[in-house]
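Chemist: Next comes the sequence, and after it the predicted model I'd like to discuss.
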Amino acid sequence: MDLKNPRDAAIFVCLTTVFYCVARLREFTVTSIKHFDPVKHITQADLKHLHNLNGLPVTKFHIPCTKTSPQGEDIQCAPVEGITNPIEVLENHFQVNPTDPSTHLFAWKHPTAGLCPLSKSEVTKCILVLASEHNLPNLRGHSLRIGGTLHYLLQGIPFDVIKTIGNWAGHSFTLYLCQHTMILAPYLNDRPTLLEHFMRYAMPPVH
């Protein structure tokens, strides 16, 4: 993807943000560019860069309306190393697609239509093209939420923390545990120290 291209810059920052926030793609996009509503859809004004008491950075996104919370939810992520750093690509997006705070967070400069809010179909279309070009499976937008969950699970992040990160209402996200052999490895390993660490910090409560 060409991050100097307005469309690519907007889509790439959307992908990285949704992934690291363990969010739903529709929460950061619109169903149609004609149906953008700042009351329902995220704008630049809904973005805040914060630091905790120890100085650790975190970026908060307020989604005005979500599937599980009509009154809105806060979703967050933090900087990471590498080309998928969601904060760096967000800054790049703002440079390539300069707009005002009342516009859609991932609005981009269309060559003929002008400034357009980023639609879900535009993102999924891009994903399908990239997957086809690189002989990848038929990926879909929901794969970002699954992938983000797996990303944190593989780092040994406790299940209750991942539940909070993704604003999960229940324990359905633990189903992803069965979809990746590497996540099960610490539980199958016979090294007591390693197993104890994961049982203590990662294993969900048994009811």
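Modeler: Ah, there it is.

Chemist: and Ser172, what pLDDT?
Modeler: Looking at Ser172, its pLDDT reads 68.

Chemist: no, scratch that, I was asking about Ile162
Modeler: Confidence at Ile162, expressed as pLDDT, is 82.

Chemist: so it is in which element?
Modeler: Assigned by DSSP states H and E, Ile162 belongs to helix 159-165.

Chemist: Please spell out which residues along that helix are buried.
Modeler: Buried residues in helix 159-165, counted by 16 or more other C-beta atoms under 10 Å: 159, 162-163, 165. The C-beta positions use only the backbone N, C-alpha and C, and glycine is treated the same way.

Chemist: do stretch 24-40 as well
Modeler: Using 16+ other C-beta under 10 Å as the test for burial, stretch 24-40 gives 24-30, 33, 36.

Chemist: what do you get for stretch 91-106?
Modeler: Under the neighbour-count criterion of 16+ other C-beta under 10 Å, stretch 91-106 has 92-93, 96-97, 99, 103-106 buried.

Chemist: Is it possible to get CSV of the buried residues of stretch 24-40 that adds secondary structure?
Modeler: Below are these laid out as CSV (DSSP: H, G, I helix; E, B strand; the rest coil):
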residue, secondary structure
Arg24, coil
Leu25, helix
Arg26, helix
Glu27, helix
Phe28, coil
Thr29, coil
Val30, strand
Ile33, helix
Phe36, coil
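
Chemist: What is the lowest-pLDDT residue among the residues you listed?
Modeler: Lowest pLDDT among the buried residues of stretch 24-40: Ile33, 85.

Chemist: Distance check, it against Leu118.
Modeler: 8 Å (C-beta to C-beta, to the nearest Å).

Chemist: returning to that earlier point: how far away from the center of its chain is the helix holding Ile162?
Modeler: The chain centre lies 14 Å from the centre of helix 159-165; the measure is C-alpha atoms, centre = their mean, to the nearest Å.

Chemist: Summarise which helices and strands it is packed against.
Modeler: helix 142-154 (3 or more C-beta pairs under 8 Å, 6 or more residues apart in numbering; DSSP states H and E).
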